[in-house]
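[1] Provided below for reference: sequence and predicted model.
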There are 2 protein chains.
Amino acid sequence: MSDLPVINCCTPLAGTSLGEKQAAGLEAVIKALADRQRLRIVNMLLRADGEAVCVCEFEPFLELSQGTVSHHLKVLVEAGLVERESRGTRSYFSLVPGALDSVREVFAPAVARC
Amino acid sequence: MSDLPVINCCTPLAGTSLGEKQAAGLEAVIKALADRQRLRIVNMLLRADGEAVCVCEFEPFLELSQGTVSHHLKVLVEAGLVERESRGTRSYFSLVPGALDSVREVFAPAVARC
DNA sequence: GTCCTTCATTGATGTCTGTCAATGAAGCTG
DNA sequence: CAGCTTCATTGACAGACATCAATGAAGGAC
């Protein structure tokens, strides 16, 4: 599982026939979002409006063990939706600009795109 | 697992703090989309442009056993994304109008909505 | 240097899920 | 009616995944 490119723009679901391989790529990104705790993480990051958020802020909100929080963040990073930044002994996370937009576009109707 | 209402409009992720319960509702819908075969089904339905599609058309495209195809369609129906219609001995499926739009709106940025 | 804090990783465990083969139910056709 | 077609459901099984507790790694404070 190398680094997944975030969904290619101009590849909406309504476009041409979706083969197994392309579907698998899309699946990887959507799977990263298909978990309630990770949705809450994305929710926090959206509300932070671009600001990076420290791991220590997620933990009390999610009420999960520290290791589990770290796991969820890793999943989001590997999906290309979130990026990590180290500051001293802490880690800060923020949304990759435009990543969620790409997800949104996948479900756009079959009209003019990009 | 009773019938899931499709995501409420005006409930974007960028809105207020997402609790466990709300996150679980969203999770259910996105989980239904987080499978490559179901993505391909949605892809076919989008390309059908509102027309209902027979099960027997999905099967050769997906190259899965008939029972598995039936399973995937059931998941999409229970998520509120797709609806089933019986004609004689056949079943036809189509996208629930607006359902994907609701998914899209969930990932909208924190600006003007609805 | 030693200690503490913060985070990542590992290993273990129980649950969920995608798949198939087999069976069941419901509608046509003759 | 009997037989056939189409689809849904069931049972079984392997693989994936969310979670925790425990351990490891790296940076700051003293």
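    Ah, there it is. Residues are numbered from 1 along each chain as shown, chains lettered A, B, ... in the order given.
[2] residues of chain A that sit close to DNA strand C?
    Contact residues (C-beta under 7 Å from any atom of the strand) of chain A with DNA strand C: A:54-56, A:59, A:66-67, A:69-71, A:73-74, A:84, A:89-91. In this view, the C-beta of every residue, glycine as well, is placed from N, C-alpha and C.
[3] again, 6 Å this time
    A:54-56, A:66-67, A:70-71, A:73-74, A:84, A:89-91 (C-beta under 6 Å from any atom of the strand).
[4] which two among those residues are spaced furthest apart?
    Taking every pair in those and measuring C-beta to C-beta, the maximum separation is 19.3 Å, between A:71 and A:89.
[5] compare those two (neighbour count), which wins?
    For residue A:71 versus residue A:89, the count of surrounding residues by other C-beta atoms under 10 Å in any protein chain shown is larger for residue A:71: 13 against 5.
[6] where does the closest residue in space to residue A:32 that isn't next to it in sequence land on pLDDT?
    Distances taken as C-beta to C-beta, 6 or more residues apart in numbering or on different chains place residue A:79 nearest to residue A:32, at 3.4 Å, with adjacent residues excluded. In this model, residue A:79 is scored at 96, pLDDT.
[7] what distance do you get for residue A:79 to residue A:72?
    Per C-beta to C-beta, to the nearest Å, residue A:79 is found 11 Å from residue A:72.
[8] looking only at neighbour counts, state which of these two leads.
    The residue with more neighbours, out of residue A:79 and residue A:72, is residue A:79; 23 against 19, by other C-beta under 10 Å.
[9] correct me, but the more buried one touches residue A:28?
    Yes: counting by C-beta atoms under 8 Å, residue A:28 is a contact partner of residue A:79 at 6.3 Å.
[10] just to revisit the earlier point, top of the residues of chain A next to DNA strand C by neighbour count?
    The residue in these with the most neighbours, by other C-beta under 10 Å, is residue A:73 (19 neighbours).
[11] that one is in contact with residue A:94, isn't it?
    No: the criterion here is C-beta under 8 Å, and residue A:73 misses it with residue A:94 at 11.1 Å.
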